[in-house]
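**Q** when you get a sec, could you give me coordinates for this:
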Amino acid sequence: MHIARQRGRCRSWRLRGHDNGHDHGHRGQPRRGPIRPADDPEHAGAALVGQLHGQAGLGAYVQSSSAESDAELDPGRLTELGRRQALLTANALAARGQWPDRIISLTNGISQRRWLADANPMLTALISSRVAGDWITEFDRLRELEPHAQDAAFRADFAAVKLANKTRVARLLAERHGFDIDPTSLFDLHIKRIHEYKRQLLNILQVIGRYNRIRVGADEVARTVIFAGKAAPGYVMAKRIIHLITSVADVVNNDPRTRGLLKIFFVPNYGVQVAEELVSAGDLSEQISAAGTEASGTGNMKLALNGALSILSQDGANTEIRDAVGDENVWMFGHSFDALQALRASGYDPGVIYRANAEVRQSLDMLRDGYFTPHNRDLFVPVVDALLRGGDAFMVLADYEAYVAAQASVDAAWSDPTAWTTKAILNVSRMSPFSMDRLVHQYAERVWDAAPVPP
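**A** Numbering: from 1, shown residues only. Just a heads-up that it's a prediction; the model follows:
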C-alpha cells in the first residue's frame, strides 16, 4: 500500500510477506474467509472470539481509531449485540493475557500538510523562518519553535499572523453571509457536527448568561462566538439547537447593549473547506463534549495546531492534548467520566442545579418563556424539558458552573496579550504528537506489520 502524497515527503509501506497474487491477512497469512457469528446472537461474541483465536486475520484486531482498517468482520452478518459481546469477550481474554496484542487503542491524528501548510500558509512561513529544513515531514522538529515563545519579536510576528487570519475570515464571512465581525475580538470557535453529546447547548447557555450580565452593565471581554456544523437530517433536537443558536444570535447581535462586547454567528454549509478557513482564525477552541462520549476527535488538534487555546472537557483526546501542551496552557473543566457515572448512580437531579443556580434558572426561564422567539414562545420548551424533565442525558447542567468558571479564566488570560500569545506558541510547538504521520507509523508497526519501503 502507499500513503497519499501531499506537501512534503511521505514514506511508502509494504506488508511483510505480502504476495500480490494472493489475498493475505495479517502477517502474510492467507485469509480463511469472512468471520461469521453464530446464528444465536447471544452466543455471537463467543463464536467470533473462537474464530478470531483460530486465525490471524486483521479482523482479530479491534481498533479504537477513526482511521480506516481492513477489519475482516462481516458487518452484514454481525448483529449489534454480537459486536458488543465480541468486544467484551475479546477484552476479557486480553485482560487475562491470552490476547495481549489483540485490542489496541491508537490516538487519532491529523495531516499537518492540510491543516497547517495548506490551511495557514502565513503561520507556516513564520515557523519556517525559525525552524530550518523540511520540518513539515520531520514534524517532531516543530518542538524547536518552543524557545521562540520567549522572544518578543517572534511573539509580535505570531500575533500579527493571527490578526491577519482573523481579518481575512471576517471579510469572507461578511461577503458571504453579511456578518459584522470585529477581528480584534476574541474569536471563540465551536465548529463540529451538531450533536447533544458535543454540547453546543452548554455553550449557548453560557453565552446567554454572558448576555444577561452585559444587560445589567457588566464589562465583559469582547467576544465573537462562532458556531458551525451540520446535523443529521432526522435529528430533531440537533436541528432545534441550531435554531436556538440562531435565535439567540438574532436578539444578542441587535441589542445595542452588546455592541463591542458580544456577537454570535452560525456559519452555514459547514464542510472541510470552511473548516480550513476558520481554523487559522481561532483564538479559543471549544472541545466540551460530555466525558466518555467522544472516541477521540480531531477538531481539537486542528485548532490547537493553528494557535488556538483550548477549553476542554475530560473526554476523548482532550486529556492527551492537555498532557502534551501543558495544563497551564489549556482550560480543563468539569466532571470526569467516573465522576459523571457516580453522579448518575447517586440519582442526579438537574432540577437541584436549576433551583440553586440563579444564572442557570434565568437562562432556562428565558428559553421556556420565549424571550428569544416572541413569535413562537413554546419553540424551545422541548430543550428545557430535555434538561429538567428528561434527566439531562449529557450532563449539561452538571458541568455548567465549572464551565462558566473556566470561561472567566479565559477572559482574564485574554486581557494579557503577551501571556496569551506565549501560550498559543507553546500549543503550536507541542502538537507534533498528533500528526497523522505518527498514527500511520504506529499502525504499520503494531497492526499491519509493515516495513518502510526505501526511497
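
**Q** all contacts plus neighbour counts: C-alpha atoms, from now on.
**A** Fine.

**Q** how close does Val267 sit to Asp399?
**A** Distance of Val267 to Asp399, given as C-alpha to C-alpha, to the nearest Å: 26 Å.

**Q** ditto for Ala358
**A** Distance from Ala358 to Asp399, by C-alpha to C-alpha: 15 Å.

**Q** who has more neighbours, these two?
**A** Set Ala358 next to Asp399 and count neighbours by other C-alpha atoms under 10 Å: Asp399 wins out with 18 against 12.

**Q** assumed that one was part of a strand.
**A** No. Read with DSSP: H, G, I helix; E, B strand; the rest coil, Asp399 is helix and lies in no strand.

**Q** how about it: what's its closest non-neighbour residue?
**A** Gly334 (5.0 Å; C-alpha to C-alpha, 6 or more residues apart in numbering).

**Q** what does stretch 311-324 contact?
**A** Outside stretch 311-324, the residues that touch it by C-alpha atoms under 8 Å, 6 or more residues apart in numbering are 107-108, 284-297, 300-301, 329-337, 406-407, 430-431, 433.

**Q** quick check, Met332 in a strand?
**A** Yes. Remark: Met332 belongs to a strand, assigned using three-state DSSP.

**Q** circling back to that earlier point, got the contact list for the residue nearest to Asp399?
**A** Listed by C-alpha under 8 Å, 6+ apart, the contact set of Gly334 reads 313-314, 398-400, 402-403.

**Q** most neighbours among the residues you listed, which one?
**A** Ranking the contacts of Gly334 using other C-alpha under 10 Å puts Ser313 first, with 26 neighbours.

**Q** that residue and Val330: what is the separation?
**A** Taken as C-alpha to C-alpha, the span from Ser313 to Val330 is 11 Å.

**Q** next secondary structure after the helix of greatest length in the chain?
**A** In the chain, with assignment by DSSP state H, the single longest helix is helix 152-177. Sequence-wise, the next helix or strand downstream of helix 152-177 (DSSP states H and E) is strand 186-191.

**Q** check which helices and strands that next one sits against.
**A** Secondary-structure packing of strand 186-191 (3 or more C-alpha pairs under 8 Å, 6 or more residues apart in numbering; DSSP states H and E): strand 223-228, strand 284-287.

**Q** contacts for the shortest one next, please.
**A** Around strand 284-287, the neighbours that count as contacts under C-alpha under 8 Å, 6+ apart are 186-191, 198, 300, 303-304, 308-313, 318.

**Q** which residue ranges of the stretch 351-455 of the chain form helices?
**A** Assigned by DSSP state H, counting those that start in this stretch, the stretch 351-455 of the chain shows helices spanning 358-368, 381-388, 396-414, 417-429, 436-443.

**Q** quick one, helices of the stretch 51-200 of the chain?
**A** Per DSSP H, counting those that start in this stretch, the stretch 51-200 of the chain carries helices over the ranges 80-95, 112, 121-128, 152-177, 200-215.

**Q** and Val274, which of those is closest to it?
**A** Nearest to Val274, of all these, is helix 152-177, at 9.9 Å by C-alpha to C-alpha.

**Q** can I assume Thr293 sits in a helix?
**A** No. Looking at Thr293 with three-state DSSP, it is coil, so not inside a helix.

**Q** how does the protein divide up, domain by domain?
**A** Domain segmentation of the chain under automatic domain parsing yields 12-108+438-453, 112-119+151-434.

**Q** next, format those as a markdown table and append distance to Ala132 and mean pLDDT.
**A** Below are these laid out as a markdown table (distance: least, C-alpha to C-alpha, whole Å; pLDDT from 0 to 100):
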| stretch | distance to Ala132 | mean pLDDT |
| --- | --- | --- |
| domain 12-108+438-453 | 21 | 54 |
| domain 112-119+151-434 | 14 | 97 |
